[in-house]
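Asker: Below is the sequence, then the predicted model.
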Amino acid sequence: MPTRQAIIVEAFGGPDVLHLITEETPALEPGLIRVAIEAIGVNRADILLRTGAYHGVRPPARPGLEAAGVVVESRAARLPVGSRVVIFGHRKGLYVTEAVVHEDEVALLPEVVTTTTAAALPVNWLTAWYCLHRLIRLRPDDTLLIPAAASGVGTAAIQIARHVGATVIAAASSAEKLAFAARLGANILVNYAEINLLEALRDITENKGVTAFLDTVGGQTFADGLKALAPFGRVAALANVTLEPSLINVRDFYPKNAHIYGFQLGNLMAAGRYPEARTDLEDILAQVANGAFQVPIAATFPLAAAAAAHERLESRTVMGKLLLVAPPQT
């Protein structure tokens with residue numbers, strides 16, 4: 001049996017609990033492919049899994065929700081050996097050098113898109129795409145608030161919103177992050193380390209409010225965004241990186257006839273409620289291929305240095321995406 005390297009979490013804790021092991025890879029059944037992994041996306045969901053805060057997961061656990069590489073063995077007719085693919089919707093842990101996945105869990109890469117770029121797309125870009133296109137239904141006349149604008153989801157959302165033609169208010173905690181957001185197309189910048197977010201939004205919108213809000217932060221940011229929402233505004237809430245409660249007053253949204261959507265990509269796909277995921281990912285890949293979307297990579301780390309990647313992400317200084325790079329299989 002072929003072997004692979006994999007990162008596992010045998011007990012919840014800090015980055016040091018990420019252990020590299022060698023194990024056999026599963027045998028191929030009909031419809032499955034074996035992918036030599038070249039790049040792996042690092043996400044906050046991986047940190048939540050590692051620390052025991054992710055949706056009831058118990059150890060031993062395996063992080064990794066997205067990766068890209070080359071098919072080295074196939075029992076799927078549409079995916080011959082040599083196909084370059086990006087893996088999405090696979091929940092068995094992709095911090096590995098080789099993955100066995102179903103053909104329905106991959107999309108083919110355009111020739112000009114590297115596996116490094118592709119590995120950064122499924123979690124952040126499908127999240128932003130689904131929330132803006134399918135939940136909020138963003139329009140050119142919208143004003144969209146994006147907190148944590150320099151994050152992976154934030155950088156994707158800025159570009160998707162600007163592609164629609166909406167006005168983007170990017171909020172972040174430093175001038176450097178805001179300059180980064182501006183380069184990606186954000187129209188209005190708010191440094192919430194220096195100014196109260198709610199007061200800034202009231203000034204910017206002349207008390208009219210934002211018509212759309214993509215909440216990637218949670219806590220007080222979610223509460224402030226609801227207060228700053230315009231009548232008939234739409235909100236997609238998809239994270240709580242603060243791990244703090246969001247204390248809200250129902251008067252902040254029900255008189256406005258607001259729509260508030262909760263979103264979690266993994267659960268949506270696991271429930272079979274996102275059958276368009278591959279089509280959406282192919283649309284994103286096409287826009288990356290033609291240069292309409294940029295995919296900023298902040299840094300790459302060897303798979304064996306996954307702990308260092310987690311430490312970097314937890315520092316909250318990252319602008320763009322962190323990736324793990326798997327060594328070539330021998």
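Answerer: Looks like it arrived, so ask away. Numbers count the residues shown, from 1 in each chain.

Asker: three-state assignment of Val217?
Answerer: Classification of Val217 using DSSP: H, G, I helix; E, B strand; the rest coil returns coil.

Asker: for Glu176, that is, sorry about that
Answerer: Per three-state DSSP, Glu176 ends up helix.

Asker: OK, contacts around it?
Answerer: Met319 (Cβ atoms under 8 Å, 6 or more residues apart in numbering). Quick note: C-beta positions are derived from backbone N, CA and C, even for glycine.

Asker: if you set the cut-off to 10 Å instead, what comes out?
Answerer: Ala150, Thr317, Met319 (Cβ atoms under 10 Å, 6 or more residues apart in numbering).

Asker: List buried residues within the residues you listed.
Answerer: Ala150, Met319 (16 or more other Cβ atoms under 10 Å).

Asker: Show me this structure divided up by domain.
Answerer: Here the domain parsing of the chain from automatic domain parsing is 3-120+295-325, 124-266.

Asker: Give me the average confidence score over the longest one.
Answerer: Per-residue confidence for domain 3-120+295-325 averages out to 95 on the pLDDT scale.

Asker: Give me the distance between it and the centre of its chain.
Answerer: Distance of domain 3-120+295-325 from its chain centroid, counting by Cα atoms, centre = their mean, to the nearest Å, is 13 Å.

Asker: Local confidence estimate at the closest residue to Pro245 other than its chain neighbours?
Answerer: Counting by Cβ to Cβ, 6 or more residues apart in numbering, the nearest residue to Pro245 once its immediate chain neighbours are dropped is Gly219, at 7.2 Å. On pLDDT, Gly219 comes in at 93.

Asker: Contact partners for Gly219?
Answerer: Contacts of Gly219 (Cβ under 10 Å, 6+ apart): Asn240, Val241, Thr242, Leu243, Glu244, Pro245, Ser246, Leu247.

Asker: Now the buried members of these.
Answerer: Among those, the ones that count as buried (16+ other Cβ under 10 Å) are Asn240, Val241, Ser246.

Asker: ok, the second one touching Gly152?
Answerer: No. Using Cβ atoms under 10 Å, Val241 and Gly152 do not qualify as a contacting pair, with a distance of 11.7 Å.

Asker: who touches both of these two?
Answerer: With Cβ under 10 Å, 6+ apart, Val241 and Gly152 have common neighbours Arg44, Thr216.

Asker: average pLDDT across stretch 266-274?
Answerer: 92.

Asker: is it fair to say Arg278 lies in a helix?
Answerer: Yes. Looking at Arg278 with three-state DSSP, it is inside a helix.

Asker: Over to the closest residue in space to it that isn't next to it in sequence. Which of the three states is it?
Answerer: Leaving out its chain neighbours, the residue that sits closest to Arg278 by Cβ to Cβ, 6+ apart is Ala107, at 5.2 Å. Here Ala107 takes the strand state, with states given by three-state DSSP.

Asker: Now Arg84, what are its backbone angles?
Answerer: phi -100, psi 130 (degrees, to the nearest 10).

Asker: Identify the bridge partners of it.
Answerer: Val70 (DSSP bridges).

Asker: returning to what we had before: select, from the contacts of Gly219, the two members most distant in space.
Answerer: Val241 and Leu247 (16.8 Å; Cβ to Cβ).

Asker: What residues of stretch 8-17 count as buried?
Answerer: Ile8, Val9, Phe12, Pro15, Val17.

Asker: so what does the host helix or strand of the first one touch, helix or strand wise?
Answerer: When you say that, I think you mean Ile8. Secondary structure assigned from DSSP states H and E places Ile8 in strand 3-9. Applying 3 or more Cβ pairs under 10 Å, 6 or more residues apart in numbering; DSSP states H and E, we find strand 3-9 packed against strand 18-24, strand 32-42, helix 44-51, strand 98-102.

Asker: give me that answer again for 6 Å
Answerer: strand 18-24 (3 or more Cβ pairs under 6 Å, 6 or more residues apart in numbering; DSSP states H and E).

Asker: partners of the strand it packs on, with directions?
Answerer: Counting by DSSP bridges, strand 18-24 is paired with strand 3-9 (antiparallel).

Asker: what comes into contact with the partner strand?
Answerer: 17-25, 50, 59-62, 95-98, 306 (Cβ atoms under 6 Å, 6 or more residues apart in numbering).

Asker: Likewise for stretch 289-304?
Answerer: 20, 110, 112-113, 117, 120, 155, 159, 287, 308-309, 318-326.
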